[in-house]
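> I would like to see how this sequence folds:
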Amino acid sequence: MQVQSLFLLLVLILVAATAEAGKNKKEKTKKDGSKCEDWSWGPCVPNSKDCGLGYREGTCKGESKKLKCKIPCNWKKKFGADCKYKFESWGGCSAQTGLKTRSGILKKALYNAQCEETVYVTKPCSSKIKSKSKGQ
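Purely as a prediction, here's the structure:
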C-alpha cells in the first residue's frame with residue numbers, strides 16, 4: 001500500500017512539474033513580454049531609397065517598439081506595401097489614351113493600414129500585334 005501511495009505521489013509531482021515547464025515555455029515564446037494588445041503600427045519605412053529592408057514603429061499605451069519589414073522594389077508604391085489587392089484581368093486597349101486599365105479590390109490590410117477599398121491601375125498598350133498561329 002505504501003509503495004502504491006509513493007508511486008502515485010511521484011506521478012503527481014512529475015505531472016505538476018511538466019505543467020509548470022509548459023507554462024514557462026509558453027511565456028518564453030512571447031517575443032516582447034508586453035501585455036498590451038492595442039498596438040498601432042505605422043508604415044514600413046525603408047532604410048535607404050524607397051524600397052528594400054526597413055522598419056515600422058508601433059505604439060501602445062506609452063510603449064513603443066520597432067519591427068523589421070521589407071518593401072519589395074517592384075511594388076506599386078501608390079498602394080503601399082501594407083495593402084494587398086485582388087486584381088481582375090486587364091481590360092481592352094483604349095484607342096484614345098493608348099492605355100489598358102484594371103481594378104483591384106482590397107483583400108487584406110496589414111498592420112491596420114489605411115487602404116482604399118478599390119484601386120485602378122493603367123499601363124501602356126502593347127505596340128506589338130500578337131497573332132495566333134495554328135498548328136497543322
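> Can you tell me the closest non-neighbouring residue to Ser34?
Glu63 (5.9 Å; CB to CB, 6 or more residues apart in numbering). Quick note: C-beta positions are derived from backbone N, CA and C, even for glycine.
> measure the one you found to Ser48 for me?
Counting by CB to CB, to the nearest Å, the gap from Glu63 to Ser48 is 28 Å.
> So if I had to pick from the two, which one is more boxed in?
Taking other CB atoms under 10 Å, Glu63 and Ser48 do not tie; Glu63 has more neighbours (12 against 8).
> and that one, bridged to which residues?
On the basis of DSSP bridges, Glu63 is bridged to Cys60.
> and it, what pLDDT?
Confidence at Glu63, expressed as pLDDT, is 90.
> Also Cys60?
At Cys60, pLDDT is 90.
> quick check: domain ranges of this structure?
For the chain, the TED database gives the domain ranges 37-73, 75-126.
> Now do the contacts for Ser94.
Listed by CB atoms under 8 Å, 6 or more residues apart in numbering, the contact partners of Ser94 are Lys100, Thr101, Cys125.
> So what touches whichever strand in the chain runs longest?
Longest strand in the chain, counting residues (DSSP state E): strand 99-109. Outside strand 99-109, the residues that touch it by CB under 8 Å, 6+ apart are 82-94, 115-125.
> Point out where this structure drops to low pLDDT.
1, 6-12, 14-33, 75-77, 127-136 (pLDDT under 70).
> for it, what spans make up the strands?
40-41, 45-46, 52-60, 63-71, 83-87, 99-109, 118-124.
> count of residues packed around the closest residue to Lys86 other than its chain neighbours?
Closest residue to Lys86 apart from its sequence neighbours, by CB to CB, 6+ apart: Lys107 at 4.6 Å. Counted with other CB under 10 Å, residues neighbouring Lys107 total 11.
> what does Ala81 give?
Residues lying near Ala81 (other CB under 10 Å) number 21.
> cool, and the one 4 residues further on?
Residues lying near Tyr85 (other CB under 10 Å) number 18.
> isn't it right next to Val119, touching?
Yes. Tyr85 is in contact with Val119 according to CB atoms under 8 Å; the separation is 6.0 Å.
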